[in-house]
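Asks: sequence unknown, structure follows:
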């Protein structure tokens, strides 16, 4: 989940930089009033920390990162519970 949040923050930051480069308009500063506003600075810090987190994850995982992964434990637990239940039924029949 943390990787997904960092990914979203990085996407927001990259779109903001694209708008600065193409339109000469900073959407974050425009939303909060100006660049030196406390909330604008907090957004810039969060975007930077999210980007650094993704860079570290990519380095640790040797060039790959999974942004979102479904939990497989529930399916495995459910299939194991079904297998145990079927074994109990077989034992009762004998």
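Replies: Cool, got the structure. In this text the structure is predicted, and so the values were computed from the model without any measurement.

Asks: which SS class is residue 34?
Replies: Following DSSP: H, G, I helix; E, B strand; the rest coil, the label given to residue 34 is coil.

Asks: could I get the phi/psi values of it?
Replies: Note on residue 34: backbone dihedrals following degrees, to the nearest 10 are phi -160, psi 170.

Asks: what helix or strand is the residue lying closest to it once chain neighbours are set aside on?
Replies: Nearest residue to residue 34 in three dimensions, chain neighbours excluded: residue 40, at 6.9 Å (Cβ to Cβ, 6 or more residues apart in numbering). C-beta here means a position set from N, CA and C on the backbone, and glycine is covered the same way. Element membership for residue 40, per DSSP states H and E: helix 38-60.

Asks: same thing with residue 19?
Replies: Applying DSSP H and E as the criterion places residue 19 in helix 2-23.

Asks: what angle sits between that helix and helix 38-60?
Replies: Following axes from the mean of the first three to the mean of the last three Cα atoms, to 10 degrees, one obtains 120 degrees for the angle between helix 2-23 and helix 38-60.
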